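1. With the sequence up front, the predicted model follows.
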Amino acid sequence: MQSNYLVKFLTILLLVFGISAQAQHEPKEEHEGTPEEVSLKTKIKESINHHLLDSHDFTFFSDSETGKHYGFSLPVILWDNEAGLQLFSSSKFHHGEEVAENNGNYYTLYHNKVYKTDAEGTITLDEHHHPTQAKPLDFSITKSVLMILITGILMLLAFVGMAKSFKKGPIVTGAGRFLEPIILYIRDEIAIPNIGEKKYRKYMPYLLTVFFFVWFLNLFGLTPLGVNVTGNIAITFALAIITFIITQVSGNANYWKHIFWMPGVPVPMKIILAPIELLGVIIKPFALMIRLYANIMAGHIVLMSLIGLIFVFQNWIGSSLTFVLSFAISLIELLVALLQAYIFTMLSALYFGFAVEEHDEAH
Amino acid sequence: MEKLINDFSFGLFFWQMILFVLLLLLLKKFAWGPILSALNDREEGIKNALDSAEKAKLEMQNLQADNQKLLQEARTEREAMIKEAREIKEKMISDAKEEAKTEADKMITNAQAAIESEKKSAIAEIKNQVASLSIDIAEKVVKSELADKDKQLKLVESMLNDATLN
């Protein structure tokens, strides 16, 4: 059992770092070629980078020649230490092209981050190319926040509807028919085997919520809406920290004993193992965070690079081949969307299982 | 690592935490709770239904066995009753025959006895009548015989003659 998990874990690690390593190489190649191609490649690279980041307005597509953006603006909420709460529409930024003025304070976007500036929008950079300007706390309803809200509402509609349909009778109707086997799978194949028959109930709401949340957001990421929510470190950090907190809160005496005073090994080993185990406690959710982030991020980079290649080739054979390739990658990404949601849920359940495990004998 | 820290947006983290926990609580209260308990109830229901079906099947089998037994019993009882009835019938018939026979025998004997006595009395009557008739005839014959004296004397003479010869 233990070695089985280890193999799984190593395989997943290999997959994660394999894909992300590949992803890192992709954009670098785009620097070569003739000056015209460079401009196209740079444009593609910029568009990919822009897509991967969160943004303060919701743009469906932009026309770079006329400089027009099609989409809608979102509210910007800032907490400025000097000026207090600032609330204005993101249309004031004009997609980062202009300085936004609100109540006599000036703000500008630099690499999708809000900085306090003057009326001219001057940004001074230090030696690490970081702006020296003050950075107000940004609580804006960004594209990602909007997508989280939409996903949350969709989930509420779907699952509260399902719960209501269960009130009428034991057979669920509508979308619940599709969702029910997934819920049963999470209960019977993820929660019960990893946490145990007695204690799994307490963790079911979190496991179900995190699974569908990650899955739905991963799927939204594959739509032409171009949102990259689960490929954002803040999101995966938040999810990982919740798993971490639940694990530590539900950890029983046995769990802590295995961390600080590993039973069944000689005393010097106990002393050596304690810091390693303690480090493991942090590494586990950290790996959870990086795995989801890197997988989704890499998937988006690969897919967008391939789509970009269609325009780079500009001939029938190359473009159609890349089209087929990007189609195949899209299908794989559909699988990855589900797989990453599954892995996140599975590993969370596994950690909860470690925390509540009760056994008298040492391994 | 620097890219990770650079990419980290506190605002997004803040909203994600709040919205996710809110979503978790709302779903827990309004969706997961009812759904999971409904699924559990349904599974329990299916299990119970299967159990009771199994029980019913067993009961049915028992009932069928009972029925079979009852039927068998009824059949043997019916056969026994038929057999008994047949025996009674035969006995009754034989009894009746016996009785009829004895009665008939008795009647025949009585009749024979009556016939015998009747015959006897008839014979006796006939004897009496014959006797009186013969007396009457003898009287008349004697009377007529005795009326002729010569003849009587001749007869006595002949008889005497015969007696001497002897």
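-> That came in fine, so what should we check first?
2. How far does the one helix or strand residue A:47 maps to sit from its chain's centre?
-> Per DSSP states H and E: residue A:47 is located in helix A:35-52. Offset of helix A:35-52 from its chain centre (Cα atoms, centre = their mean, to the nearest Å): 23 Å.
3. how far away is residue A:301 from chain B?
-> Per Cβ to the nearest Cβ, to the nearest Å, residue A:301 is found 13 Å from chain B. C-betas here are computed from N, CA, C, even on glycine.
4. Please, which helix or strand holds that residue?
-> Judged by DSSP H and E, residue A:301 forms part of helix A:267-313.
5. Kindly report the same for residue B:53.
-> Going by DSSP H and E, residue B:53 is in helix B:33-146.
6. as a whole number, average confidence for that helix?
-> Mean pLDDT, computed over helix B:33-146, is 92.
7. what's across from residue A:116 in the sheet?
-> With DSSP bridges as the criterion, residue A:116 is bridged to residue A:107.
8. Centre of the chain to stretch A:204-217, how far?
-> Relative to its parent chain, stretch A:204-217 has a centroid offset of 13 Å by Cα atoms, centre = their mean.
9. Who does whichever helix or strand comes after the helix holding residue A:47 pair with, and is each partner parallel or antiparallel?
-> Later in the chain than helix A:35-52, the nearest helix or strand by DSSP H and E is strand A:57-63. Strand A:57-63 has the following strand partners under DSSP bridges: strand A:68-73 (antiparallel).
10. Tell me the first helix or strand C-terminal of the partner strand.
-> Note on strand A:68-73: by DSSP H and E, the next helix or strand toward the C-terminus is strand A:75-80.
11. ok, and what's touching that following strand?
-> With contacts defined as Cβ atoms under 8 Å, 6 or more residues apart in numbering or on different chains, strand A:75-80 is touched by A:56, A:85-90, A:92-93, A:100, A:105, A:107, A:114, A:116, A:134, A:136-141, B:11.
12. picking up where we left off before, check which element follows the helix holding residue B:53 along the chain.
-> Where DSSP H and E defines the elements, the next helix or strand beyond helix B:33-146 is helix B:149-165.
13. thinking again about what came up before, just checking, what packs against the helix holding residue A:47?
-> Secondary-structure packing of helix A:35-52 (3 or more Cβ pairs under 8 Å, 6 or more residues apart in numbering or on different chains; DSSP states H and E): helix A:267-313.
14. ok, then the element right after the helix it packs on?
-> For helix A:267-313, the succeeding helix or strand toward the C-terminus, using DSSP H and E, is helix A:316-356.
15. returning to that earlier point: and the helix holding residue B:53 with helix B:149-165, angle?
-> Interaxial angle of helix B:33-146 relative to helix B:149-165 (axes from the mean of the first three to the mean of the last three Cα atoms, to 10 degrees): 100 degrees.
16. Now, of the contacts of strand A:75-80, which are buried?
-> The neighbour count (16 or more other Cβ atoms under 10 Å in any protein chain shown) marks A:56, A:86, A:88, A:90, A:93, A:100, A:105, A:107, A:114, A:116, A:136, A:138-141, B:11 as buried among these.
17. closest to residue B:141 among the residues you listed?
-> If you rank the buried ones among the contacts of strand A:75-80 by distance to residue B:141 using Cβ to Cβ, residue A:141 comes first, at 180.3 Å.
18. So residue A:143 sits against residue A:52, correct?
-> No: contact status for residue A:143 versus residue A:52: not in contact, 11.7 Å apart, counting by Cβ atoms under 8 Å.
19. I believe residue A:224 is in a helix; please confirm or correct that.
-> No: counting by DSSP: H, G, I helix; E, B strand; the rest coil, residue A:224 is located in no helix; its state is coil.
20. can you pull the contacts of the residue sitting nearest the centre point of chain A?
-> Residue closest to the average C-alpha location in chain A (Cα atoms, centre = their mean): residue A:230, at 2.1 Å. Applying Cβ under 8 Å, 6+ apart to residue A:230 gives the contacts A:214, A:217, A:218, A:221, A:236, A:292, A:293, A:296, A:340.
21. Near chain B, list only the ones from those residues.
-> Contacts with chain B are made by none of these, judged by Cβ under 8 Å from any Cβ of the partner chain.
22. List just the nearest of these to chain B.
-> For those, the closest approach to chain B (Cβ to the nearest Cβ) belongs to residue A:293, at 8.0 Å.
23. so what's that closest one up against?
-> Listed by Cβ under 8 Å, 6+ apart, the contact set of residue A:293 reads A:230, A:231, A:232, A:233, A:235, A:236.
24. spatially speaking, which residue is in the middle of chain B?
-> residue B:85 (3.3 Å).
25. buried residues in the helix holding residue A:47?
-> Residues A:40, A:41, A:44, A:45, A:47, A:48, A:50, A:51, A:52 are the ones in helix A:35-52 that count as buried (16+ other Cβ under 10 Å).
26. Quick check: residue A:250 vs residue B:98, distance?
-> For residue A:250, the distance to residue B:98 equals 103 Å [Cβ to Cβ, to the nearest Å].
27. Kind regards, and thank you for your time.
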